[in-house]
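> Give the three-dimensional model of this entry:
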Amino acid sequence: MLPDEPPQPPASVVAPAALVEAAPAAERPERMNRSAVLWVALAIFAQESVWNFYDAQVPAQLRQFVSSATVIGLIMGLDTGLGVIIQPWTGLISDRLARSRTGRWPIVVAGACVAAVPFALIPWATGLPMLMLCIFAFGLTANSFKGVTETLVSDYVAPQQRGRAQGFIKAGVSLTIIVSALISLLVVDHSLKAAFAIPPVLMVVMVTLSYCFLGRRHPTALRREDTGTRTGTGTGTGTGTGTGQADPFSSPWAVLKDLVREPSRARLLLMAGIFCFAGMWAALRSLTTPYGTEVLGMTRGAAGGIALPGAIAFLVCVVPLAYLSHRLGELRMIRYGIALFVAGLLVGFAEPTPAFTAASVAIASIGYAVFSVNGLVALWGLAPNNRVLGAYTGLYTVASASGMALGPALLGATVDLTGWRYMFLNAAVLGAVTFAVFTLVARRAGRPLAAAS
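The predicted structure follows:
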């Protein structure tokens, strides 16, 4: 278990948006609980192994019944749309459970076991209605615990170390892209039903192992920030409430009201940037496999393996990017990441071959890695206190899932207009718009720095 956190300055002297932008390493933080990070990473790896395979192969499954790329994009956005509704509620419920003996784990374990069933049934669907039922059931159950699993890091890692912890966790998550690509390459063309059975089995086994280690052996870690009265820490902005005070955030509506009324609007602006970038990444992931079959003449399994070099690049770069972000600031690094993302897309458009397309996805994956490390940590840093981190993870999901729901459909619509050959160019144009939006977000969020000084 981590030692008690050192005293922090009052929240009134902290400029929240400025901290997100600059994020200086002003003091040496306490050591990170690497064992806890490892097991949290395993739990997140478990759920992401399913989601990555879902994004890679379900679009191709839908093409058996649907010919329009726009419709496929809309259906692929269905699960993320469900997350907008479900995750703020489950996040708030998990915030209450986090102070119990079991912590958030009942939601995670039960959700993983239930979600595994409709996922495994996807290749057994013989018609579009049955396939849609499986997709809807999986999206409903998997979203009920997705954000909760991601919030586990805040239970075991001090605020000053969460950015670095996210780097290690995202490195583990990148392995799920490798696993998904390998299943596509080695199993899909031989047995689609077996391929869809492997990820949910991995999910149930790994989530159970993580619970056995963390959920039972570290009950005090789940409550370590809940004793006494504390002030905002690290990049936090508000004052935590002690156990004797009423919780002002008793419902998602109270959290949303505080979000809207926040004077600098930094949280809303950050969510707008998250919406844009997450949407473009989801669009690229959802439509790359059909692009490979339509433009590059690849088999379905080989096209699903295009993501493999990107996963390796993500794995190699994500931890160094996390440390670099701690020095340069989250928002600044995210803008650099968007620029790299767009550059990668232009490489893919310039030379439509399997090799250049794989390189394009690899470059874009490094750009997305920057956002992956910093997006949620930046929003956690703007939360009013540490007792609503699950709810703020839900808000992050509202922004990212909304973008993911609309991104594939938007890019699919451009494909219907211009053809599959121009998909990467269309995505680059939309990525440039995303860069402009995030530049505006960063400038607006940086204004409190001048006011504070």
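> show me the contacts for the residue most central in space within the chain.
Centroid-nearest residue in the chain: residue 372, 6.3 Å away (criterion: Cα atoms, centre = their mean). Counting by Cβ atoms under 8 Å, 6 or more residues apart in numbering, residue 372 touches 166, 170, 173, 314, 318. Bear in mind the C-beta positions are built from the backbone N, C-alpha and C, glycine included.
> What helix or strand is the fourth one located in?
Spelled out, that is residue 314. Secondary structure from DSSP states H and E places residue 314 in helix 307-328.
> how about that helix: buried residues?
307-315, 317-319, 321-322, 324-326 (16 or more other Cβ atoms under 10 Å).
> Tell me the one among the contacts of residue 372 nearest to residue 136.
The closest of the contacts of residue 372 to residue 136 turns out to be residue 173 (Cβ to Cβ; 24.9 Å).
> re the thing from before, in CSV, list the C-alpha atoms belonging to the helix holding residue 314.
Output of helix 307-328 as CSV, limited to C-alpha atoms (Å, rounded to 0.1, in the frame of the first residue of the first chain):
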residue,chain,number,x,y,z
ALA,A,307,-2.9,-2.7,-36.8
LEU,A,308,0.0,-4.9,-35.6
PRO,A,309,2.9,-2.5,-36.4
GLY,A,310,0.9,0.3,-34.8
ALA,A,311,0.5,-1.7,-31.6
ILE,A,312,4.2,-2.3,-31.5
ALA,A,313,4.9,1.4,-32.0
PHE,A,314,2.4,2.3,-29.3
LEU,A,315,4.0,-0.2,-26.9
VAL,A,316,7.6,1.2,-27.5
CYS,A,317,6.6,4.9,-27.2
VAL,A,318,3.9,5.2,-24.6
VAL,A,319,6.0,5.1,-21.4
PRO,A,320,8.6,7.6,-22.6
LEU,A,321,5.7,9.8,-23.8
ALA,A,322,4.2,9.7,-20.3
TYR,A,323,7.4,10.9,-18.8
LEU,A,324,7.8,13.6,-21.4
SER,A,325,4.2,14.7,-20.9
HIS,A,326,4.9,15.2,-17.2
ARG,A,327,7.5,17.8,-18.2
LEU,A,328,5.8,19.6,-21.1
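> Tell me where the stretch 301-450 of the chain has helices.
With DSSP state H, counting those that start in this stretch applied, the stretch 301-450 of the chain shows helices at 307-328, 330-350, 354-381, 389-418, 423-445, 447-452, listed in chain order.
> Can you give me every residue that contacts the nearest residue to residue 206 once chain neighbours are set aside?
Spatial nearest neighbour of residue 206, excluding adjacent residues (Cβ to Cβ, 6 or more residues apart in numbering): residue 46 at 3.6 Å. Residue 46 makes contacts with 112, 202-207, 210, as judged by Cβ under 8 Å, 6+ apart.
> right, and residue 395 touches residue 271 too?
Yes. Applying Cβ atoms under 8 Å, one finds residue 395 in contact with residue 271, separated by 6.7 Å.
> Looking at those two, which one has more neighbours?
Taking neighbours as other Cβ atoms under 10 Å, residue 395 and residue 271 compare with residue 395 leading, 27 against 21.
> For residue 165, see how far away the more buried one is.
20 Å (Cβ to Cβ, to the nearest Å).
> tell me, what's touching residue 395 and residue 271 both at once?
Shared contacts of residue 395 and residue 271, counting by Cβ under 8 Å, 6+ apart, come down to residue 379.
> which intervals of the stretch 251-400 of the chain have sub-threshold pLDDT?
251-256, 258-266, 326, 381-390 (pLDDT under 70).
> Same question for the stretch 101-250 of the chain.
In the stretch 101-250 of the chain, residues with pLDDT under 70: 158-163, 174, 177, 215-250.
> where exactly do the strands run in it?
For the stretch 101-250 of the chain, no strands turn up when DSSP state E, counting those that start in this stretch is the criterion.
> ok, the closest residue to residue 304 other than its chain neighbours to residue 307 distance?
In space, and not counting its chain neighbours, residue 304 is closest to residue 184: 3.0 Å by Cβ to Cβ, 6+ apart. To residue 307, residue 184 is 8 Å away according to Cβ to Cβ.
> list residues touching both of the two?
Shared contacts of residue 184 and residue 307, counting by Cβ under 8 Å, 6+ apart, come down to residue 56.
> what's near enough to touch the nearest residue to residue 109 once chain neighbours are set aside?
Residue nearest to residue 109 in three dimensions, not counting chain neighbours: residue 211, with 5.3 Å by Cβ to Cβ, 6+ apart. Residue 211 makes contact with 43, 105, 108-109, according to Cβ under 8 Å, 6+ apart.
> Check the gap between residue 211 and residue 42 for me.
For residue 211, the distance to residue 42 - Cβ to Cβ - is 10 Å.
> Next: residue 149.
Residue 149 is 10 Å from residue 42, by Cβ to Cβ.
> between the two, which one's more packed in?
Set residue 149 next to residue 42 and count neighbours by other Cβ under 10 Å: residue 149 wins out with 25 against 17.
> My read is that the more buried one contacts residue 109, right?
No. Between residue 149 and residue 109 no contact is recorded; they are 10.1 Å apart, counting by Cβ under 8 Å.
> so what's in contact with these two at the same time?
In contact with both residue 149 and residue 109: residue 207, using Cβ under 8 Å, 6+ apart.
> thought residue 86 was touching residue 143?
Yes. Using Cβ under 8 Å, residue 86 is in contact with residue 143, at 4.7 Å.
> who touches both of these two?
What both residue 86 and residue 143 touch, as defined by Cβ under 8 Å, 6+ apart, is an empty set.
> Would you mark the buried spots in stretch 281-300?
In stretch 281-300, residues buried by neighbour count (16+ other Cβ under 10 Å) are 281-296, 298, 300.
> Off-centre distance for it?
21 Å (Cα atoms, centre = their mean, to the nearest Å).
> Next: stretch 73-89.
13 Å.
> can you offset everything so residue one is 129?
Let's use 129 as the start, then, which means that last one is stretch 201-217.
> what pLDDT, on average, does that stretch get?
Stretch 201-217 carries an average pLDDT of 76.
> From residue 476, how far off is residue 558?
For residue 558, the distance to residue 476 - Cβ to Cβ - is 14 Å.
> What are the buried residues along stretch 260-274?
Quick answer for stretch 260-274 (16+ other Cβ under 10 Å): 262-263, 265-274.
> do stretch 194-212 as well
194, 197-198, 200-212.
> and if you look at stretch 210-227?
210-212, 214-216, 218-223, 225-226.
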